[in-house]
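Make a model of this:
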Amino acid sequence: MRRRSSHRRARVALLAGFLVLVALATGAALRGDGPSPGEPLVPGTDEAAPFPDPFAYDPDREDELTRRAAAGNSHILYARSPDGAAATAARVTRYRAPVEEAAKRAGVDADLLEGLVFLESAGRPDAMAGDTEGAVGLTQILAETGQNLLGMQIDVGASSRLTRQIARRERHGLGVERLRAQRRVIDERFDPAKALDATARYLIFARKELGRADLAFVSYHMGVGNLQSVIEAYDGGDEPSYARIFFDSTPATHPEVTRMLMRFGDDSSNYLWKVYAAAEIMRLYRDDPEELERMQALQGAKNSAEEVLHPQGSTPQFADPDALRQAYDDGAVVAFPDDPARTGLRRDRRMGELAGRLDVDRALYQGLGPDALAMALYIGAQVRSYAGGNPALIVTSTVRDQAYQDLLVRRNREATRNYSLHTTGWAFDIARVYRDGRHAEAFQYVLDRLQAMNVIAWVREPDAIHITASTEAAKLRPLLERLDPEG
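The predicted structure is shown next:
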């Protein structure tokens with residue numbers, strides 16, 4: 001195992017009055033009619049009272065949060081699985097019987113252990129991360145861990161020599177089965193059954209040290225010692241679940257835990273969610289292959305999961321300026337406020353700069369769908385709260401129509417020539433320009449947190465972060481509805 005994001009001016013005036021600070025008292029999200037003491041709140045305005053933060057941790061929603069985290073972390077599995085998710089699932093499923101045996105010995109869910117195999121090796125028993133000292137085999141065990149902790153037969157030197165011989169013979173189209181058989185004997189990490197048996201022993205050890213199966217799986221990448229440090233910093237009583245540690249920790253409530261998880265990186269902090277995501281792919285492979293094929297197409301369409309959130313045809317696109325004007329009149333798009341002192345968001349002066357070529361006012365391209373705008377305001381508030389001081393994120397692009405998009409692709413190679421979520425009002429871009437390192441880290445934390453909740457999809461572009469809000473952003477509607485005299 002390894003250790004190792006003229007438009008209804010009354011609306012504009014009211015939106016400019018949005019109060020940016022997010023109350024960060026600890027506690028669970030409310031499910032009643034009004035806020036309770038100690039609860040995380042999104043603040044009110046002169047016109048309306050505060051309301052509960054819909055994305056705060058709630059211990060009664062841990063199963064839901066786990067499902068959301070799996071979905072929010074699944075894009076990379078579809079994008080990077082060798083030959084695609086279905087082909088990887090076909091390789092992994094061949095080992096279902098020994099996976100079930102190993103899971104039974106370890107006392108863990110066989111579907112999760114199978115997800116670990118998917119994530120670690122994509123079902124390839126010869127997979128290697130570097131050389132034979134590093135992570136090797138179906139479950140990617142380090143040589144040192146295999147020898148010293150798991151009692152495996154591993155001769156690193158002989159394994160390395162055989163690996164080089166296998167590679168040479170493969171380049172010349174020669175048979176290698178005899179050499180592979182020899183390597184499985186002197187390096188048991190290459191033997192699928194023995195690798196799974198060793199992984200079961202690790203999970204037994206880790207569960208004994210950590211007290212929970214979910215934490216044992218987390219430690220498979222993070223390491224037991226590192227995870228024990230996280231648990232100690234969280235100080236949430238005996239045997240907290242990883243969902244609780246992960247979702248209940250923010251830069252305000254558990255800053256040390258947040259720093260540690262960010263330092264370990266998403267490979268470790270999101271490892272369990274990816275295992276769950278892989279298990280879901282395996283379920284689809286067996287039970288609903290058509291849905292798996294659909295998900296592969298949507299996940300592979302862009303460098304984020306934005307088309308999973310809004311498949312083409314699921315939401316209206318604006319074809320031209322007339323269609324976009326009508327959307328403003330109908331309230332399907334609202335103007336983007338430029339009041340960084342209050343919102344934590346600064347409108348880039350170049351936003352809508354190609355409007356003149358369509359003989360329209362650039363303000364036409366300075367708006368978002370209501371829910372996407374609510375999400376942008378929420379992000380601005382969260383980042384400012386965590387970064388301290390008065391920093392503002394620079395919003396460089398919001399809604400477009402297809403006519404504008406067609407102009408843009410002629411001058412910007414990053415602009416998509418296919419389906420653009422900008423033409424639906426669900427997407428916006430934020431410049432990769434920050435006041436300081438703390439500002440950048442706060443933004444990164446908020447992006448990762450919201451993606452783990454599966455309420456946004458985001459991707460890093462050369463000059464900007466491209467963000468797509470999901471329909472879950474409707475939970476933030478009070479930020480707009482309570483400011484709208486018609487609402």
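
Not counting its neighbours along the chain, what's nearest residue 350?
residue 396 (7.1 Å; Cβ to Cβ, 6 or more residues apart in numbering). For glycine as for every other residue, the C-beta is placed from the backbone atoms N, C-alpha and C.

you'd agree the one you found is up against residue 427?
No. Look at residue 396 against residue 427 with Cβ atoms under 8 Å: they stay out of range, at 11.7 Å.

Listing request: residues of this structure with sub-threshold pLDDT.
In the predicted model, the chain carries pLDDT under 70 at residues 1-51, 481-487.

residue ranges of the strands in the stretch 251-400 of the chain, please?
334-335, 345-347, 367-368, 393-397 (DSSP state E, counting those that start in this stretch).

Tell me how far residue 383 lies from residue 318.
Distance of residue 383 to residue 318, given as Cβ to Cβ, to the nearest Å: 28 Å.

One more: residue 152?
Residue 152 is 60 Å from residue 318, by Cβ to Cβ.

Give me the more crowded residue out of these two.
A count of neighbours by other Cβ atoms under 10 Å puts residue 318 above the other of residue 152 and residue 318, at 25 against 21.

show me what contacts that one?
Residues near residue 318 by Cβ atoms under 8 Å, 6 or more residues apart in numbering: 324, 327, 333, 399, 400, 401, 402, 423, 424, 425.

got it, and residue 106?
113, 199, 200, 201, 203, 204, 207.

hang on, the fourth one in a helix?
Yes. When the secondary structure is assigned by DSSP: H, G, I helix; E, B strand; the rest coil, residue 201 falls within a helix.

Disregarding flanking residues, what is the spatial nearest neighbour of it?
Nearest non-adjacent residue to residue 201 (Cβ to Cβ, 6+ apart): residue 150, at 5.4 Å.

burial count for the one you found?
Neighbours around residue 150, by other Cβ under 10 Å: 22.

That one: what secondary structure?
Classified using three-state DSSP, residue 150 is coil.

close enough to count as contact, it and residue 202?
Yes. Using Cβ under 8 Å, residue 150 is in contact with residue 202, at 6.1 Å.

that older thread, give me the PyMOL select line for the contacts of residue 106, limited to the buried ones.
Command for PyMOL that selects the buried part of the contacts of residue 106, burial taken from 16 or more other Cβ atoms under 10 Å:
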select buried, resi 113+199+200+201+203+207
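
Now render the contacts of residue 106 as CSV, adding distance to residue 343.
CSV is the format used below for the contacts of residue 106 (distance: Cβ to Cβ, whole Å):
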residue, distance to residue 343
113, 46
199, 49
200, 52
201, 53
203, 47
204, 51
207, 46
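
Just give me the closest of the contacts of residue 106 to residue 372.
In terms of Cβ to Cβ, no member of the contacts of residue 106 lies closer to residue 372 than residue 113, at 39.0 Å.

Count the neighbours of the nearest residue to that closest one once chain neighbours are set aside for me.
The shortest distance from residue 113 to any non-neighbouring residue, by Cβ to Cβ, 6+ apart, is to residue 103 (4.5 Å). Residue 103 has 21 neighbouring residues, counting by other Cβ under 10 Å.

I'd say residue 103 and residue 115 touch.
No. Checked against Cβ under 8 Å, the pair residue 103 and residue 115 is beyond contact range at 10.9 Å.

circling back to that earlier point, which of the contacts of residue 318 has the most neighbours?
That'd be residue 399 among the contacts of residue 318, by other Cβ under 10 Å, with 31 neighbours.

quick one, which of residue 396 and residue 427 is more surrounded?
Per other Cβ under 10 Å, whichever of residue 396 and residue 427 has more neighbours is residue 427, with 27 against 21.
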